[in-house]
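Undergrad: Structure for this input, please:
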Amino acid sequence: MVIQGNAGASLDFRIIIPPIMRVLENSHPTQMDPLVGGDWRAEQRLVIVSNMKRGFCVTLRMSSPEVDAWRLQTEQSGGITLSPVNDGYRLCTPRAGRYTLLLQHDFEAARNTLPTASLRWPVQTDITAL
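TA: Numbering: from 1, shown residues only. Here you go, the predicted model:
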């Protein structure tokens, strides 16, 4: 038996790219020796890749009673913003991409801390999508 007629089909493809945020590097000293006077200084390097269209934010929070004051500096290029928040700092990017963030931390010792005391890394780092 032979069936004659026209055959037709349509295909509907959709490509869905899942949101990705990946920390390639978060390096910093685990232990810091004090500078003259008992304060500490260290650099943190964050390398993050994200395909989030509106970018992401990194929130850095203090997690040590040995630190009385904390200053954070970084080069702010490409629309990256750094602003203080209640218990730390918030650094935000405006769009997707690969970001290498070099953060300079200056920690001032609390009055009851010995000027020769080492300090474990006192910063908690959280990353969120926008």
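Undergrad: Next up, phi/psi of the residue nearest the centre of the chain, please.
TA: Central residue of the chain (CA atoms, centre = their mean): residue 58, 3.9 Å from the mean position. Torsion angles at residue 58 (phi, psi; degrees, to the nearest 10) stand at phi -110, psi 120.
Undergrad: residues touching it, list them.
TA: Contacts for residue 58 (CB atoms under 8 Å, 6 or more residues apart in numbering) come out as 46, 48, 90-92, 101, 125-127. Where you see a C-beta, it was placed from the backbone N, CA and C, and this is true even at glycine.
Undergrad: Which strands or helices does the helix or strand containing residue 46 pack on?
TA: Using DSSP states H and E, residue 46 sits in strand 40-50. If contacts are counted by 3 or more CB pairs under 8 Å, 6 or more residues apart in numbering; DSSP states H and E, strand 40-50 sits against strand 21-27, strand 31-32, strand 56-62, strand 97-109, strand 123-129.
Undergrad: what does it rub up against?
TA: Outside strand 40-50, the residues that touch it by CB under 8 Å, 6+ apart are 20-29, 32-35, 56, 58, 93, 96-107, 109, 119, 121, 123, 125, 127, 129.
Undergrad: bridging residues for the residue nearest to the centre of the chain?
TA: residue 91, residue 127 (DSSP bridges).
Undergrad: circling back to that earlier point, comparing the helices and strands packed on strand 40-50, which comes out most buried?
TA: Sort the helices and strands packed on strand 40-50 by mean neighbour count, taking mean count of other CB atoms under 10 Å, and strand 56-62 sits at the top with a mean of 18.
Undergrad: Tell me how far that strand lies from the chain's centre.
TA: Counting by CA atoms, centre = their mean, to the nearest Å, strand 56-62 is centred 6 Å from the centre of its parent chain.
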